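Peer 1: this one's sequence-less:
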């Protein structure tokens, strides 16, 4: 009887010890918080980030990615000055920063090809760049932006001097076109063109890349601070691994991914039809081969900057193979 009591006591103590051990072993892993800056308000360019967060891909890598909208400062400025390790930007806007030697690197392309182009009020019947003559252009008055318009017009035998430039001070070019403030503007198909269609505003559109190979630049891109990459290479790889999985999931599940974006950006909840159409479009544009999502082709990267150099659009030249790396992608 004593032996039986002893055995029972031993078993209870053993089970308690095992339970305590399991509690210790199952203690939640502490995640490393890392800031990540968007370029603008949350939109379908960013869906893969929110999918990765929702699906736990960052947590799997031991990361708590804090996705933020920049305040008054540019994302590039904050990343260059190491106030945030990573963020979203654009190859064309990055050019003047790299020309000045900024310590920043593009580490992934969110969308494989440049989906920006020219949108116009359908009543003007603008079918190609030459047709832009004698029309009003809503411009941000940036040298590279204007040079892009000039080259596609000249490639079609058009005269850029016949375009009237109107300052564009609104993020929403579609409303300004509909209100007659200007006749055409440079926009991204995946957001503004689909927005126009959703609002039943009749427009025409063509891509920059269809009229000049050198304008198939990468936009948007993920940029990172060079010092951060040097000191946290493995962490950067883990973050990009999770982001890549998020975009790959969005490619295969556009409707669910659109709803995830809306969950994290509830201000879009009353625009679900528009967001879903945008997501369906971009889910096919992120990458033609999902395994190569994020890859930056050196020839294409250099071709755009060589065009900028050849046209003396910046005070300093941008050397080839400057400002990008595929080393942090799996």
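Peer 2: Done, it's in. Computed from a prediction, not measured in an experiment: that's the story for all the values here.
Peer 1: If you average the pLDDT over stretch 104-120, what comes out?
Peer 2: Model confidence over stretch 104-120, given as mean pLDDT, is 98.
Peer 1: mind listing the helices for the stretch 151-300 of the chain?
Peer 2: With DSSP state H, counting those that start in this stretch as the criterion, the stretch 151-300 of the chain has helices at 173-178, 194-198, 226-231, 233-252, 254-264, 272-283, 298-310.
Peer 1: pLDDT averaged over the fifth one - what is it?
Peer 2: Going back to what we said before, that points to helix 254-264. Helix 254-264 comes out at a mean pLDDT of 98.
Peer 1: Just the buried residues of that helix, please?
Peer 2: By 16 or more other C-beta atoms under 10 Å, the buried positions in helix 254-264 come out as 254, 257-262, 264. Bear in mind the C-beta positions are built from the backbone N, C-alpha and C, glycine included.
Peer 1: need the helices of the stretch 151-300 of the chain in a markdown table with distance to residue 44, can you?
Peer 2: As requested, those are exported to a markdown table (distance: least, C-beta to C-beta, whole Å):
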| stretch | distance to residue 44 |
| --- | --- |
| helix 173-178 | 16 |
| helix 194-198 | 9 |
| helix 226-231 | 27 |
| helix 233-252 | 9 |
| helix 254-264 | 7 |
| helix 272-283 | 4 |
| helix 298-310 | 23 |
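Peer 1: Comparing those, which yields the minimum mean pLDDT?
Peer 2: Looking at those, the lowest mean pLDDT belongs to helix 173-178 (a mean of 93).
Peer 1: now that helix: how far from the chain's centre is it?
Peer 2: Per C-alpha atoms, centre = their mean, to the nearest Å, the displacement of helix 173-178 from the mean C-alpha position of its chain is 23 Å.
Peer 1: residues making contact with it?
Peer 2: Helix 173-178 has contacts (C-beta atoms under 8 Å, 6 or more residues apart in numbering) with 119-121, 138, 168, 170, 182-187, 192, 195-196, 199, 201, 203.
Peer 1: chain center to stretch 111-119: distance?
Peer 2: 12 Å.
Peer 1: typed the wrong thing, it's stretch 106-125
Peer 2: On the basis of C-alpha atoms, centre = their mean, stretch 106-125 sits 13 Å off its chain's mean C-alpha point.
Peer 1: Tell me the buried residues in it?
Peer 2: 106-121, 124.
Peer 1: what helix or strand does residue 313 sit in?
Peer 2: Under DSSP states H and E, no helix or strand contains residue 313.
Peer 1: Of the buried residues of helix 254-264, which is the nearest to residue 247?
Peer 2: Distance to residue 247, by C-beta to C-beta, is smallest for residue 257 among the buried residues of helix 254-264, at 9.1 Å.
Peer 1: I'd say the closest one and residue 247 touch.
Peer 2: No: counting by C-beta atoms under 8 Å, residue 257 sits too far from residue 247 to count as a contact (9.1 Å).
Peer 1: Quick check: neighbours shared by those two?
Peer 2: Common neighbours of residue 257 and residue 247 (C-beta under 8 Å, 6+ apart) are 47-48, 51.
Peer 1: pLDDT, distance to residue 225 and secondary structure added to those residues, as a markdown table?
Peer 2: Compiled in a markdown table, the shared contacts of residue 257 and residue 247 are given as follows (pLDDT from 0 to 100; distance: C-beta to C-beta, whole Å; DSSP: H, G, I helix; E, B strand; the rest coil):
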| residue | pLDDT | distance to residue 225 | secondary structure |
| --- | --- | --- | --- |
| 47 | 98 | 24 | helix |
| 48 | 98 | 21 | helix |
| 51 | 98 | 25 | helix |
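Peer 1: Any chance of the residues you listed in JSON lines with distance to residue 227 as columns?
Peer 2: Formatted as JSON lines, those follow (distance: C-beta to C-beta, whole Å):
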{"residue": "47", "distance to residue 227": "29"}
{"residue": "48", "distance to residue 227": "26"}
{"residue": "51", "distance to residue 227": "29"}
